[in-house]
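*Asks:* sequence unknown, structure follows:
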């Protein structure tokens, strides 16, 4: 199994995102605070092996968002995202 | 209350004799790879390890210089916060005591930095007196990149996220600075025997 | 179920109980589980759900599975392929019985979805169990009576690994076998590549909606090939199944 098989895409965190945002988020667009690259969340590169989930920019590989689930709470860090554009119409 | 799924159980090896598994851990036969990002590709002629920060003089080792230092072959149990444990894992590397030998330090904490940007933190005293190594060999062979090669930190008495893969710098600091997972709610210290997985445990 | 996409996005979040209603062994290594979920509010073709299992000692494992059923079916079903070293998939494929209780979170996903109102032509490319969400789309297309053209390119190791084989009769499907082809097979017997896509897929001039699902490396290679053939990236949607978990 090569390196790329360890990554998923933003679809993989859709369940967790739905709990956080209560609106479908995989169609949301995210802008990287590091390099300015914009992508729908659904195509971002996701490292989903615990201890946490790391969503990375396809442009610069910088961290866009991080999630950690444990003890009945979810920690969300979005400092790597300049903004997240959520589309009301999915 | 979640319903119980009839007949489902975790996959695990038979637990060992004695009390070698910390609470909430189970034995695994493989060596899971957990990563927060892509595996860095560091040519050995560019690789470097440094001890910096609140010290009298920073130190630096090239790959060849690291290889020339006295090496040890610790056999240790390792425990991942995601619940798997491996017993009697065999490593080869340089004790952190060797790296700090003769150095004057003015801080009680360490920020560990890795190629690729990962960081973690721990008290300096948890890296000394035979408790930590810079490991470049695992199970009789050079440490593979997916497991942290060329070299990783090895601090087996704490949860394995503290054993930073692709280590490149040990920065001595005066105040504790939470690292990559610690800033996302993981425990600042991480003692598996007190099950310190998350902040507040 | 409302057809307005805004309404279907606002759904119950969090874990809900799900009971296995039917177990269908699809292949020696894959099983479909039809689930009973009280107050299931429907889903869109291509969405997935998180499934959680709790053992008697409290140990929990969760995995994400594409929903195999169509919205018109009114229930969620999942098709699971057994990963030999897996912890959850062997249980779901080999042990799960009618009446077993799981938990479900979802449906989730607004990116890798297709509704008949999106139109076609629809070009679907599946690597192994990546066929599951595409089957949901094809089933939705058939049950909704859509006249959108659709083609499926399905890459499987052997013909024993082809899930839903019996359903694919009415669909324009091309198989390629990457490990062993059936005796007498005269079709493709190699990994999907650009030449194959050029022969099989709708050409860029027809502006098909392309959906690619499977292992990460497969999806990335096929998506790049579509772009190289002249398809616009806006028309290509991908979903990667990892090798993580099982």
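*Replies:* Thanks, I have the structure now. Just so it is clear, the model here is predicted, and its values are computed rather than measured. Numbering: from 1, shown residues only, chains lettered A, B, ... in the order given.

*Asks:* do you have the strands of the chain handy? List them.
*Replies:* You didn't say which chain, so I picked chain A. For chain A, the strands defined by DSSP state E occupy A:7-9, A:29-32, A:38-40, A:45-47, A:53-56, A:63-70, A:73-77, A:81-85.

*Asks:* nope, chain B
*Replies:* With DSSP E, the ranges of strands along chain B come out as B:26-27, B:48-53, B:59-62, B:75-79, B:84-95, B:109-114, B:119-123, B:133-138, B:141-142, B:152-154, B:167-173.

*Asks:* how about these in JSON lines, adding distance to residue B:68, mean pLDDT and mean neighbour count?
*Replies:* In this view, the C-beta of every residue, glycine as well, is placed from N, C-alpha and C. What follows is those, written out as JSON lines (distance: least, C-beta to C-beta, whole Å; pLDDT from 0 to 100; neighbours: other C-beta atoms under 10 Å in any protein chain shown):
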{"stretch": "strand B:26-27", "distance to residue B:68": "37", "mean pLDDT": "86", "mean neighbour count": "15"}
{"stretch": "strand B:48-53", "distance to residue B:68": "13", "mean pLDDT": "98", "mean neighbour count": "18"}
{"stretch": "strand B:59-62", "distance to residue B:68": "9", "mean pLDDT": "98", "mean neighbour count": "15"}
{"stretch": "strand B:75-79", "distance to residue B:68": "23", "mean pLDDT": "97", "mean neighbour count": "18"}
{"stretch": "strand B:84-95", "distance to residue B:68": "10", "mean pLDDT": "96", "mean neighbour count": "19"}
{"stretch": "strand B:109-114", "distance to residue B:68": "23", "mean pLDDT": "98", "mean neighbour count": "23"}
{"stretch": "strand B:119-123", "distance to residue B:68": "26", "mean pLDDT": "98", "mean neighbour count": "21"}
{"stretch": "strand B:133-138", "distance to residue B:68": "12", "mean pLDDT": "98", "mean neighbour count": "22"}
{"stretch": "strand B:141-142", "distance to residue B:68": "16", "mean pLDDT": "97", "mean neighbour count": "10"}
{"stretch": "strand B:152-154", "distance to residue B:68": "19", "mean pLDDT": "98", "mean neighbour count": "26"}
{"stretch": "strand B:167-173", "distance to residue B:68": "18", "mean pLDDT": "98", "mean neighbour count": "21"}
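
*Asks:* now these in TSV, with distance to chain C?
*Replies:* Listed next are the strands of chain B as TSV, based on distance: least, C-beta to the nearest C-beta, whole Å:
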stretch	distance to chain C
strand B:26-27	8
strand B:48-53	30
strand B:59-62	35
strand B:75-79	16
strand B:84-95	11
strand B:109-114	21
strand B:119-123	22
strand B:133-138	20
strand B:141-142	22
strand B:152-154	21
strand B:167-173	24
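
*Asks:* closest one to residue C:172 among those strands?
*Replies:* Across those, the minimum distance to residue C:172, taken as C-beta to C-beta, is reached by strand B:84-95, at 45.8 Å.

*Asks:* what does the helix or strand hosting residue C:50 contact?
*Replies:* Secondary-structure element containing residue C:50, defined by DSSP states H and E: strand C:48-54. Under the contact criterion C-beta atoms under 8 Å, 6 or more residues apart in numbering or on different chains, strand C:48-54 has outside partners A:11, A:14-15, B:2-5, B:8, C:15, C:18, C:43, C:60-67, C:76, C:78, C:88, C:91-92, C:102-109, C:133.

*Asks:* let's see it at 6 Å
*Replies:* Judged by C-beta atoms under 6 Å, 6 or more residues apart in numbering or on different chains, the contacts made with strand C:48-54 from elsewhere in the structure are A:15, B:2, B:4-5, B:8, C:60-67, C:76, C:102-107, C:109.

*Asks:* the bottom helix or strand of the chain by mean pLDDT?
*Replies:* Since you didn't name a chain, this refers to chain A. Ranking every helix and strand in chain A by mean pLDDT, DSSP states H and E puts helix A:14-21 at the bottom, with a mean of 74.

*Asks:* next, the angle strand A:81-85 makes with that one.
*Replies:* When axes from the mean of the first three to the mean of the last three C-alpha atoms, to 10 degrees is applied, the directions of helix A:14-21 and strand A:81-85 differ by 90 degrees.

*Asks:* so what's the gap between helix A:14-21 and the chain middle?
*Replies:* Its chain's C-alpha centre lies 10 Å from the corresponding centre of helix A:14-21 when counted by C-alpha atoms, centre = their mean, to the nearest Å.

*Asks:* what about that helix and chain B, touching?
*Replies:* No: contact check for helix A:14-21 against chain B, using C-beta under 6 Å from any C-beta of the partner chain: none in range, with a minimum separation of 13.2 Å.

*Asks:* that helix near chain C at all?
*Replies:* Yes: contact of helix A:14-21 with chain C is found when judged by C-beta under 6 Å from any C-beta, involving A:14-15, A:18-19.

*Asks:* quick check: buried residues in that helix?
*Replies:* Of the residues in helix A:14-21, those with enough neighbours to count as buried (16 or more other C-beta atoms under 10 Å in any protein chain shown) are A:14-19.

*Asks:* repeat for stretch C:81-101
*Replies:* C:81-83, C:86-93, C:96, C:100-101.

*Asks:* any chance of those residues in CSV, plus distance to residue C:72, pLDDT and secondary structure?
*Replies:* Listed next are the buried residues of stretch C:81-101 as CSV, based on distance: C-beta to C-beta, whole Å; pLDDT from 0 to 100; DSSP: H, G, I helix; E, B strand; the rest coil:
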residue, distance to residue C:72, pLDDT, secondary structure
C:81, 24, 93, strand
C:82, 28, 93, coil
C:83, 30, 87, coil
C:86, 31, 84, coil
C:87, 33, 88, coil
C:88, 28, 93, coil
C:89, 27, 93, helix
C:90, 31, 94, helix
C:91, 29, 96, helix
C:92, 24, 97, helix
C:93, 26, 96, helix
C:96, 24, 97, coil
C:100, 25, 97, coil
C:101, 26, 97, strand
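
*Asks:* contacts with chain B among these, please.
*Replies:* Checked against chain B using C-beta under 6 Å from any C-beta, the buried residues of stretch C:81-101 give the following subset in range: C:87, C:91, C:100-101.

*Asks:* hmm, residue B:177 and residue B:188 touching each other?
*Replies:* No: with the criterion set as C-beta atoms under 6 Å, residue B:188 and residue B:177 do not qualify as a contacting pair; they are 9.9 Å apart.

*Asks:* show me what the residue nearest the centre of chain A is bridged to.
*Replies:* In chain A, the C-alpha closest to the average C-alpha coordinate belongs to residue A:55, at a distance of 4.0 Å (C-alpha atoms, centre = their mean). Residues in a beta bridge with residue A:55, per DSSP bridges, are residue A:46, residue A:65.

*Asks:* touching, it and residue A:66? I think so.
*Replies:* No: distance between residue A:55 and residue A:66: 7.2 Å, which falls outside the contact criterion (C-beta under 6 Å).

*Asks:* check which residues of stretch B:185-201 are buried.
*Replies:* For stretch B:185-201, a neighbour-count test (16+ other C-beta under 10 Å) marks B:185-187, B:189-192, B:195-199 as buried.
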